[in-house]
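Structure, please.
(one chain, ligands or ions: 1)
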Amino acid sequence: MSELLAREPAGIRVEGVDLSYGATRVLKDVNLEIRPGEFFAFLGPSGCGKTTLLRLIAGFNAAQRGRVLVGGKDVSALPPWKRDVGMVFQSYALWPHMTVRRNVAFGLEERRLPRAEIATRVEAALRLVGLDGMGDRRPAQLSGGQQQRVALARTVAVRPQVLLLDEPLSNLDARLRVQVRRELRDLQQSLRLTTVFVTHDQEEANTVCDRIAVMNEGAVQQVGTPMELYDHPANLFVAGFLGTANIVPGTVLREGGAAAFEVAGGTRIPLPPGLAVPEGARLMFRPQDVSLLPPGSDPAGRRLIEGEVAHREFLGASMRYGVRVGGAEVLVDVPHTGGEGHLQVGGRAALALDATRVKLLAG
Ligand SMILES: Nc1ncnc2c1ncn2[C@@H]1O[C@H](COP(=O)(O)OP(=O)(O)OP(=O)(O)O)[C@@H](O)[C@H]1O
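Below is the predicted model:
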């Protein structure tokens, strides 16, 4: 494996990038700093520009404005093959008529490396992805997961400075995805390879990546660790994209020093002091920031709201209730420990909101 170690992990900088296809602006003033050796994700809904940004770093797209630096060097004007980046495509793009070994060797032969060096690196790469012994097969004789590993082996064999992965798990079934994403993380760690991973799946990004850039409509919304993004979303889009969020419309009221949030229908939720109130704010909290109480009880220090159970969903580890509060519906997760003590649809529910967890966010 030492034959494949990244020489010196390189960082990536994207500076002030604007990219349009005709009249459609696909990337809008994108600025990013990806640290050397980091496993980084571009996360966002379909069509938000993730692949376009990845291809820009690889050199397959050109921007109208801004630049890309790899390892401190401006690569904006270089073609892909001079950039020292390895990209694994969503479709794998393997040569069907070549054996696995030849597929992996192809890029090294093009670089005219000595034959012995090629053989050593190919075997090391196949071992690394768990495909030693399958070098003589053709891609059609492999499963989807194995083909994906060939694509990965082929890319790491050239020892790129950075590895770019475009939805690498999307062709695999759910169970294999979980296994392969762990393997990807292990491989990335052992090679200390700066890696950028494109996905629209938040669980995938959360489980394998050090940091994530959340994108929407061509703009980076927020960059942070999975936990930072979940606990401190910068706006409603990020809050709703990472995990389940209660987003409640209403009005912020101030009486003296105290503030409250009035939900349509008149229910008032007292707000903790000192909470910042952005323009057009909505109240945001997670289903687990709320607990259900027996009606009539009023615990100290918690914010009590009353409502009616509109529906419920059994999720195994918890019961998720949809509770109508004024004009809004609030999702509440109650741990399921095996008892029968759950509320029925149509019944009254008293909710205690953990005031330290609520946020006021704008779109
Ligand atoms: N070659 C092209 N010509 C014109 N428009 C394009 C081209 N490639 C992409 N687009 C448009 O640019 C936008 C961003 O596409 P992109 O593939 O980067 O999104 P994405 O976030 O990777 O989406 P997905 O998860 O569906 O792959 C989309 O609206 C897409 O239709």
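
buried residues in the strand or helix carrying Ala119?
Ala119 belongs to helix 115-128 when elements are defined using DSSP states H and E. Judged by neighbour count (16 or more other CB atoms under 10 Å), helix 115-128 contains these buried residues: 118, 121-126, 128. (Each C-beta comes from the backbone N, C-alpha and C, glycine too.)

tell me what that helix is packed against?
helix 100-110, helix 144-157 (3 or more CB pairs under 8 Å, 6 or more residues apart in numbering; DSSP states H and E).

hang on, Leu126 packs against Arg102?
No: taking contacts as CB atoms under 8 Å, Leu126 lies outside contact range of Arg102: 11.8 Å.

returning to what we had before: the helices and strands packed on helix 115-128: which one's closest to the ligand?
Nearest of these to the ligand, taken as CB to the nearest ligand atom: helix 144-157 at 17.0 Å.

any idea of the mean pLDDT in the very next helix or strand once past that closest one?
Once helix 144-157 ends, the next helix or strand along the chain (criterion: DSSP H and E) is strand 162-166. Per-residue pLDDT values across strand 162-166 average out to 94.

tell me what strand 162-166 is packed against?
With contacts defined as 3+ CB pairs under 8 Å, 6+ apart, the secondary structure elements packing on strand 162-166 are helix 50-58, strand 85-88, strand 194-199.

which one of the ones you listed lies closest to the ligand?
Taking CB to the nearest ligand atom as the criterion, the ligand comes closest to helix 50-58 out of these, the separation being 3.1 Å.

And the contacts of the helix or strand that the closest one is followed by?
Of the helices and strands lying after helix 50-58 in sequence (DSSP H and E), the nearest is strand 65-70. For strand 65-70, contacts defined as CB atoms under 8 Å, 6 or more residues apart in numbering pick out 10-18, 29-30, 56-57, 74-76, 83-85, 161-162.

With just CA atoms, put the helix holding Ala119 into CSV.
Below are the C-alpha coordinates for helix 115-128, written out as CSV (Å, rounded to 0.1, in the frame of the first residue of the first chain):
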residue,chain,number,x,y,z
ARG,A,115,6.5,-1.8,-16.6
ALA,A,116,7.7,-3.1,-13.2
GLU,A,117,6.3,0.0,-11.5
ILE,A,118,3.0,-0.5,-13.3
ALA,A,119,2.7,-4.1,-12.2
THR,A,120,3.5,-3.2,-8.6
ARG,A,121,1.0,-0.4,-8.4
VAL,A,122,-1.8,-2.4,-10.1
GLU,A,123,-1.4,-5.3,-7.7
ALA,A,124,-1.3,-2.9,-4.7
ALA,A,125,-4.4,-1.0,-5.9
LEU,A,126,-6.3,-4.3,-6.5
ARG,A,127,-5.3,-5.5,-3.0
LEU,A,128,-6.3,-2.2,-1.5
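
Helix 100-110 and that helix, what's the angle between them?
140 degrees (axes from the mean of the first three to the mean of the last three CA atoms, to 10 degrees).

Now do helix 115-128: distance to the chain's middle.
32 Å (CA atoms, centre = their mean, to the nearest Å).

Same question for stretch 223-235.
The gap between the average C-alpha position of stretch 223-235 and the chain average comes to 11 Å, counting by CA atoms, centre = their mean.

do the same with stretch 72-87
Mean C-alpha position of stretch 72-87 versus that of the full chain (CA atoms, centre = their mean) differs by 25 Å.

quick one: contacts of that stretch?
Outside of stretch 72-87, the residues that reach it under the criterion CB under 8 Å, 6+ apart are 10-11, 54-55, 57-60, 62-63, 66-71, 155-156, 158, 160-166.

ditto for stretch 38-49
For stretch 38-49, the external contacting residues (CB under 8 Å, 6+ apart) are 11, 19, 26-27, 34, 50, 53-54, 185, 188-189, 194-202, 204-205, 208-218, 221, 241.

Give me the buried subset of the residues you listed.
The neighbour-count criterion (16+ other CB under 10 Å) marks 11, 19, 26-27, 34, 50, 53-54, 185, 188, 194-200, 202, 204-205, 208-216, 218, 221, 241 among the contacts of stretch 38-49 as buried.

near the ligand, which of those residues show up?
The subset of these within reach of the ligand, by CB under 6 Å from any ligand atom, is 26, 50, 200.

what's the distance between the last one and Asn61?
Using CB to CB, to the nearest Å, one gets 19 Å for the distance from His200 to Asn61.

for the first one, same thing?
Applying CB to CB, one obtains 9 Å for the distance of Val26 from Asn61.

residues in this protein within reach of the ligand, list them.
Applying the criterion CB under 6 Å from any ligand atom, the portion of the chain that neighbours the ligand consists of 21, 24, 26, 44, 46-52, 200.
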